[in-house]
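1. Sharing a model that was predicted from the sequence below.
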Amino acid sequence: MGTNEAFVADIGLVGLGVMGQNLVLNMARNGYKVAVYNRTKSVTREFLDGPAKGAQEIAGAETIEELVSMLKPPRRVMLMVKAGAAVDAVIAQLKPVLSSGDIIIDGGNSFFEDTVRRARELEAEGLRYLGVGVSGGEEGALKGPSIMPGGSEDAWAYVSSVFTDIAAKAPSGEPCCAYLGPDGAGHYVKMVHNGIEYVDMQLIAETYFVMREMLGMSVAEMQRAFEEWNRGELNSYLIEITADILRKIDADTGKPMVDVILDRAGQKGTGKWTAQEALELGAAAPTMAEAVFARSLSAMKAERCGAAAKLPGPDAGDGDGEAGRLGPDAVTLDDLRKALYAAKVCAYAQGFEVLRLASEEYGWGLDLGAIALLWRGGCIIRAQFLERITEAYARQADLANLILDPYFRDVVTGGQEAWRRVVAAAALRGVPVPALSSSLAYYDSYHRCELPANLIQAQRDYFGAHTYERVDRPGWFHTEWLADGAEARSVPVG
Ligand code: NBP
């Protein structure tokens, strides 16, 4: 720092947290010159003297002004700071020192509406803005993340080579990075990625719980099961790390690590945002919300333990109740594998439904098959089966629901008997499987021509005169429900 007059950087990066540092190292490894700035100067010094030591492509700046002075035009500045107020604070510092046509790239987990607002404000002032979702955690940032860019398309032309080069590559060799659409499209897709990640993790956790509580498997047996599953159609990063986690032994106690970790899940908000967005759009995505609620319930540890002493569950399988009549083989390990895959397919169908409706609502023109491809490498939900999603949308671009595609239809219909056994047995034993069962209820609601909403419409009309439609003639009707007698009349409305 301080001797950077001759350094002309391709890109500047603000925010040397774990993600920022690793992205800078990745860019430098790919031959890009990067100028870096961090609010706390000691962090910059430690980075330059530590992980970035000897890297000719990286130089530090003491101030935002110095950072900007080191960039070639149009200046490209990537922010990798905490989402929220920090992004606005850095933008406010950058604005006076940037020139018309310069490009700000927000690579954090910003809420898409903030990105829409910032894009609008900055573009009105002549600057260009990109909201870019980056997934893959620390390791992904260093070795190749999945990158989900949205915003100004002409700005994208100036940075696409950097991001395409540093991105993960799918097994087919294609980069896991492609321009998705205007303003908030990139951050939106990243948000839904995280919502799906919540569901995927919850489904795996429930499967582990059934193995433990119902199949009586040891941690070593569970570890082998997940390892085996990772060699088949369930192959994915999350299954792989689950097998890895179950292999670890706590150095202090000699117990499996998983057994010494408190069962209280944290959350940073992106799962909640996805569920809220699904509600906002009227998208049916119950399992995405269920995964968030499951974390909230897990967080009530003390209250749950208090309730455990007061509220009984069913008998433990040795009494006279329904649970007692379940044989030891009521559910097999293979049932569980099929249930997990079918539930996962239905959960992803919900995630893609949110994306489809958002694309219509915000006019983004999202390419759903291309999004599945972006997630094929680098990110937390990377999985072999995402290729099947790309193939499904290639077969039919306007597919109404993933589970209508022949491949996914076969997975769900082929796995449904096993899936039903798992959910039913878990209910009888009092083992909570909220995501497995919500996904099944979603499937059963989706494939039924008739649902009990006729009664809901009658109730709404009864107490609120909200009107209803009839099965036998068009139009909207109202009934005077409080009139005497059993006969009721439908009165056309409007
Ligand atoms: P953090 O989210 O922990 O943010 C730390 C960085 O933000 C530091 O450089 C910090 O500077 C800077 N910062 C803050 Br906090 N307030 C600031 C302000 N008012 N002005 C300037 N700088 C400010 O870092 P991270 O985990 O590397 O994540 C960066 C972004 O990437 C976040 O949006 C995160 O959600 C997203 N993300 C994270 C992951 C992950 O696995 N961690 C994965 C994908 C995306 P300081 O050193 O001076 O405090």
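-> All right, it came through fine.
2. need the contact list for the residue nearest the centre of the chain.
-> Nearest residue to the geometric centre of the chain (CA atoms, centre = their mean): Asn194, 1.9 Å. Applying CB atoms under 8 Å, 6 or more residues apart in numbering, one finds that Asn194 lies in contact with Asn109, Ser135, Thr270, Gly271, Trp273, Thr274. C-beta coordinates here come from the backbone N, C-alpha and C atoms, glycine included.
3. wait, isn't the third one in contact with Met191?
-> When you say that, I think you mean Thr270. Yes - counting by CB atoms under 8 Å, Thr270 does reach Met191; the two are 5.4 Å apart.
4. Just want to know which of these two has more residues nearby.
-> Using other CB atoms under 10 Å as the criterion, Thr270 and Met191 rank with Met191 on top: 28 against 22.
5. quick one on the thing from earlier: check the contacts of Asn194 one by one and keep those near the ligand.
-> On the criterion CB under 6 Å from any ligand atom, Asn109, Ser135 are the entries of the contacts of Asn194 that sit beside the ligand.
6. Output the contacts of Asn194 in a markdown table, with pLDDT appended to each entry.
-> A markdown table is the format used below for the contacts of Asn194 (pLDDT from 0 to 100):
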| residue | pLDDT |
| --- | --- |
| Asn109 | 94 |
| Ser135 | 94 |
| Thr270 | 88 |
| Gly271 | 94 |
| Trp273 | 96 |
| Thr274 | 97 |
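7. Now secondary structure too, for the contacts of Asn194, in TSV please.
-> Shown next, in TSV, are the contacts of Asn194 (DSSP: H, G, I helix; E, B strand; the rest coil):
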residue	secondary structure
Asn109	coil
Ser135	strand
Thr270	helix
Gly271	helix
Trp273	helix
Thr274	helix
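8. Out of the contacts of Asn194, give me the one that has the most neighbours.
-> Thr274 (29 neighbours).
9. wait, what's in contact with Leu130?
-> The contact partners of Leu130, by CB under 8 Å, 6+ apart, come to Ile103, Ile104, Ile105, Asp106, Pro149, Gly150, Gly151, Ser152, Ala155, Trp156, Val159, Gly186.
10. ok, those residues vs Gly378, which is closest?
-> Nearest to Gly378 among those, counting by CB to CB, is Pro149 at 13.6 Å.
11. mean confidence for the helix or strand where that closest one lies?
-> Applying DSSP states H and E as the criterion places Pro149 in strand 146-151. Taken as a whole, strand 146-151 carries a mean pLDDT of 97.
12. do stretch 369-382 as well
-> 94.
13. excluding its backbone neighbours, what's nearest Gln350?
-> Ala285 (3.9 Å; CB to CB, 6 or more residues apart in numbering).
14. surely the one you found meets Arg356?
-> No - in this structure Ala285 lies outside contact range of Arg356 using CB under 8 Å: 11.1 Å.
15. Next, count neighbours for Ala424.
-> Neighbours around Ala424, by other CB under 10 Å: 16.
16. rewinding a little: spit out the contact partners of the residue nearest to Gln350.
-> Taking CB under 8 Å, 6+ apart, one finds Gly195, Thr274, Ala275, Ala278, Gln350, Gly351, Glu353, Val354 in contact with Ala285.
17. Report pLDDT for it.
-> 97.
18. do Gly317 as well
-> For Gly317, pLDDT reads 50.
19. same check, this time on Thr3
-> 55.
20. ok, Gly101 to the ligand distance?
-> Distance of Gly101 to the ligand, computed by CB to the nearest ligand atom, to the nearest Å: 24 Å.
21. Send me stretch 48-55 as PDB with only the CA atoms.
-> In PDB, the C-alpha atoms belonging to stretch 48-55 read as follows (Å, rounded to 0.1, in the frame of the first residue of the first chain):
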ATOM      1  CA  LEU A  48      -1.300  -8.700   1.500                       C
ATOM      2  CA  ASP A  49       1.300 -10.100   3.900                       C
ATOM      3  CA  GLY A  50      -0.500 -13.400   4.200                       C
ATOM      4  CA  PRO A  51      -2.600 -15.200   1.600                       C
ATOM      5  CA  ALA A  52      -1.800 -12.700  -1.100                       C
ATOM      6  CA  LYS A  53       1.900 -12.500  -0.400                       C
ATOM      7  CA  GLY A  54       4.000 -12.400  -3.500                       C
ATOM      8  CA  ALA A  55       1.000 -12.100  -5.800                       C
END
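22. Excluding its own residues, what touches that stretch? List them.
-> Met1, Gln21, Val24, Leu25, Ala28, Val36, Ile58, Gly60.
23. what two of the contacts of Asn194 are the furthest from one another?
-> Ser135 and Trp273 (14.7 Å).
24. Where does the stretch 101-250 of the chain get nearest to the ligand, which residue?
-> Gly108 (2.5 Å; CB to the nearest ligand atom).
25. Are we agreed that that residue is in a strand?
-> No - Gly108: not assigned to a strand; according to three-state DSSP it is coil.
26. Rounded mean pLDDT for the host helix or strand of Leu455, please.
-> Using DSSP H and E, Leu455 maps to helix 453-464. Across helix 453-464, pLDDT averages out at 98.
27. Which parts of that helix count as buried, going by neighbours?
-> By 16 or more other CB atoms under 10 Å, the buried positions in helix 453-464 come out as Gln457, Asp461.
28. Residues contacting it, please?
-> His466, Thr467, Tyr468, Glu469, Val471, His478, Thr479, Trp481.
29. and the third one, how many neighbours?
-> Which is Tyr468. Per other CB under 10 Å, the neighbour tally for Tyr468 reads 19.
30. pLDDT value on the residue lying closest to Gly184 once chain neighbours are set aside, please?
-> Closest residue in space to Gly184, ignoring its immediate chain neighbours: Phe112 at 3.4 Å, by CB to CB, 6+ apart. Residue-level confidence at Phe112 comes out at 96, pLDDT.
31. How about Glu139?
-> 93.
32. Checking it next. Helix, strand or coil?
-> helix.
33. count of residues packed around it?
-> 12.
34. What is the end-to-end distance of stretch 167-174?
-> 10 Å (CA to CA, to the nearest Å).
35. Stretch 485-494 too?
-> End-to-end for stretch 485-494, by CA to CA: 26 Å.
36. If anything else comes up later, I'll come back, but that's it for now.
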